[in-house]
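Asks: can you look at this prediction? I've put the sequence above it.
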Amino acid sequence: MKLVLHFLVVFLGIAGYSFGQQTQGKAIAPLPRGNMTKTEILDSASIRILYAFNANDIKIPNSYMDLQCLEIGTYISKYYSYWVFNNDSLVWAWKRENPSAQSIPIRLGILGRAADYWSEYKYSEWFKNYDTNILTEYARMPRLFSSNQQYSEIIPLQNWTILPDTLSVVGYVCQKATCSFRGRDFIAWFAMDLPVRDGPWKFGGLPGLILKVYDIDLLYTFECVKIEQGKFLIKQYDFSSYKKVKREKILQLQKKLNVNFIKVFPRIVSNGVIEDIDYEALELE
């Protein structure tokens, strides 16, 4: 945890900002991953990029909804929550060191603001397989829900329009691009000095790494805060228990859980009040 805080203090040299971001639902965050030993190594990455997701202020890590990680290998890229992974690892290590404990902590690492609550963009992992041209999302659902879920689709393509505007992000001169994707309009900033056709979440396809991207309503924002060079193993955990569904079905379910978790699970009472949340997903279609 100290290491995470150290590099964030060192590398967050970007001016602060505040966005009118998507309201997060009240679904309860899932428990830490039960087993961290069942893994498969899919590829090896030479670059790892860390993004602030929905930061109220890019200078203040605790104002992020999440800190997310993109690992880009030769055949596979993986996008996931760095903070969720770190917390899972710390809890798993604690369990091994305290095998006879009567109770287990659920939080030992940073989990950002609203740490008690679930977000589908924080508790999912996305794998792009460039050999098969398939993207698979493994969606870790909120606590009390019966099963985690997964779906696969052809790696989506955005139809970008490249513009001459420039912006500096973590010391890289980035060029502007715009697109419409699944019901929203987006602005992206990509670095030609990093000739990688990838980016956070499902974004990619530009002639340089996407270091910053957001929708025009500023509900969802991804901004790079650090780039690491080295050798990073791209690992996949055991997702065999995740139920296979269609993308459209999981989007409908995630919206339902966000809009009113209490209605889905009526035995959970919040001050005796049932109130719908004004929720909008990143994908509208």
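Replies: Happy to help now that I have it.
Asks: contact partners for the closest residue to F53 other than its chain neighbours?
Replies: Once flanking residues are discounted, F53 sits nearest to D66: 4.2 Å by C-beta to C-beta, 6 or more residues apart in numbering. No exception for glycine: its C-beta is placed from N, CA and C like everyone else's. Applying C-beta atoms under 8 Å, 6 or more residues apart in numbering, one finds that D66 lies in contact with A52, F53, N54, S81, Y82, W83, V84, L111, G112, S119, Y121, K122.
Asks: residues touching the fifth one, list them.
Replies: Contact analysis of Y82 by C-beta under 8 Å, 6+ apart lists V4, L50, D66, L67, Q68, C69.
Asks: those residues in strands, which ones?
Replies: Among the contacts of Y82, the residues falling in strands (DSSP state E) are L50, D66, L67, Q68, C69.
Asks: buried ones in stretch 178-195?
Replies: Buried residues in stretch 178-195, counting neighbours by 16 or more other C-beta atoms under 10 Å, are found at T178, C179, F181, R184, F186, I187, A188, W189, F190, A191, L194.
Asks: okay, the contacts of D66 in a markdown table with distance to E285 next?
Replies: Formatted as a markdown table, these follow (distance: C-beta to C-beta, whole Å):
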| residue | distance to E285 |
| --- | --- |
| A52 | 27 |
| F53 | 22 |
| N54 | 21 |
| S81 | 25 |
| Y82 | 29 |
| W83 | 29 |
| V84 | 27 |
| L111 | 30 |
| G112 | 28 |
| S119 | 20 |
| Y121 | 17 |
| K122 | 22 |
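Asks: most neighbours among these, please name it.
Replies: A52 (28 neighbours; other C-beta atoms under 10 Å).
Asks: now it: how far from Y64?
Replies: Relative to Y64, A52 is positioned 5 Å away (C-beta to C-beta, to the nearest Å).
Asks: follow-up on the earlier one: how near is the residue nearest to F53 to F222?
Replies: The spacing between D66 and F222, counted by C-beta to C-beta, is 10 Å.
Asks: what's the overlap in contacts for those two?
Replies: With C-beta under 8 Å, 6+ apart, D66 and F222 have common neighbours A52, F53.
Asks: work out for me the element N87 sits within.
Replies: Using DSSP states H and E, N87 maps to helix 82-97.
Asks: tell me which residues in that helix are buried?
Replies: Y82, W83, V84, F85, N86, N87, D88, L90, V91, W92, K95.
Asks: turn these into TSV, including pLDDT.
Replies: Shown next, in TSV, are the buried residues of helix 82-97 (pLDDT from 0 to 100):
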residue	pLDDT
Y82	98
W83	97
V84	97
F85	96
N86	96
N87	96
D88	95
L90	95
V91	94
W92	92
K95	91
